[in-house]
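>>> with the input below, show me the fold.
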Amino acid sequence: MNTLIALEVRRTLRNKKFMFFSIVYPSALFLLISGTSGNQKVPDTDLTMPLFVMVAMASFGALTSVLMGNSERIAKEREKGWVRQLRLTSLPGRGYVLAKIAGSAVVTLPAIVIVFVVAAAAKDVRLDAWQWIALTGVIWAGSVVFAALGVALGYLTSGDAVRPVTMIIYFGLSILGGLWMPATLYPQWLQNIAEWLPTHAYAALGQAIELGGAPHAKDVAVLAGYFLLFAGGAAWLYRKDTLKA
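Below you'll find the predicted structure:
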C-alpha cells in the first residue's frame with residue numbers, strides 16, 4: 001500500500017493544472033477577498049477579516065486537493081480497468097481506498113502552508129507559534145473527511161458525469177459552508193443549515209484556534225459523523241463495484 005500511496009503523490013505533483021487550482025488558486029482568492037477589507041471584524045465574531053479568510057481559504061485549498069483529485073481520478077481509473085487490474089494483485093480492497101485517501105491528504109499540506117505564508121507576508125497576520133502548528137494540524141487532519149467523500153464520488157459516478165457532479169458538491173459545500181463569505185451574513189434559516197455542513201465545521205476548527213481556544217466538541221463530532229458516512233459509503237460502493245466486475 002505504501003508503494004501505491006507514493007505513486008499517487010507523484011502523479012498528483014506532476015499534474016500542473018491540479019496543483020494550480022489546489023495551491024495557487026486559494027492563495028489568490030485570499031488576496032482578492034481580504035484585499036479591501038482591512039482589519040474590520042467579521043459580524044458576530046471576534047475575528048478580523050484576514051484571519052477569517054486565511055482559515056477559510058486554507059480549508060478551501062485542502063478541500064480542492066482531496067475532493068476534486070480523488071473523485072475524477074477514481075472514476076476514470078475504473079473506466080480504464082486500472083482498478084480491476086489492482087484487484088488481481090495482493091493489495092486488499094481497503095488498501096486501494098486507504099491509499100487514495102492517504103495519498104491525496106499528503107498533498108494538502110502545501111495548499112495549507114502557502115495560504116498561511118501569503119497571509120503573514122501580504123496581510124501581516126500574526127499568531128503564536130502553537131497556533132500556526134495547531135492550525136496546520138487540524139486543517140490537514142480534517143481534510144481526510146473530504147478525501148473519503150472524493151473516493152465515494154469516484155465510485156458513485158461515471159467518468160463523464162464525475163466532474164459536473166463533483167463541481168456542484170464542491171461549490172455548494174464551499175459557499176453554503178461559509179468558506180467564501182462568513183455564514184453570519186446569511187439569512188438565519190441558511191445559517192441553521194450551514195452549521196451542520198462539514199465545511200462549516202471544518203473551518204470552525206481553525207477559527208477556534210485563531211481565537212486562542214480549542215476546537216468545539218460539536219464541530220469535531222459533526223466532522224467525525226461525516227467521515228464515518230463518507231468512508232462507509234466509499235467502502236460499500238467499492239464492494240458493490242467489485243461484485244459487478
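>>> burial measure for the closest residue to G177 other than its chain neighbours, as a count.
Distances taken as Cβ to Cβ, 6 or more residues apart in numbering place T199 nearest to G177, at 2.7 Å, with adjacent residues excluded. Using the backbone N, CA and C atoms, a C-beta is placed for each residue, glycine as well. Neighbour count for T199, taken as other Cβ atoms under 10 Å: 28.
>>> one more: M181?
Residues within reach of M181, counting by other Cβ under 10 Å, total 14.
>>> E77 too?
For E77, the neighbour count with other Cβ under 10 Å is 18.
>>> name the SS class of it, please.
helix (DSSP: H, G, I helix; E, B strand; the rest coil).
>>> and the gap between it and A134?
Distance from E77 to A134, counting by Cβ to Cβ, to the nearest Å: 35 Å.
>>> sorry, back to before: residues making contact with the strand or helix carrying the residue nearest to G177?
Counting by DSSP states H and E, the element that carries T199 is helix 198-210. Applying Cβ atoms under 8 Å, 6 or more residues apart in numbering, the contact partners of helix 198-210 are 45, 47, 51-52, 55-56, 58-59, 63, 127, 131, 134-135, 138-139, 142, 145-146, 173-174, 176-179, 183, 194-195, 214-216, 218-220, 222-223, 226.
>>> taking these one by one, which sit in helices?
51-52, 55-56, 58-59, 63, 131, 134-135, 138-139, 142, 145-146, 173-174, 176, 194, 218-220, 222-223, 226 (DSSP state H).
>>> are any of these buried, and which?
In these, burial by neighbour count holds for 51-52, 55-56, 58-59, 63, 134-135, 138-139, 142, 145-146, 173-174, 176, 194, 219-220, 222-223, 226, counting by 16 or more other Cβ atoms under 10 Å.
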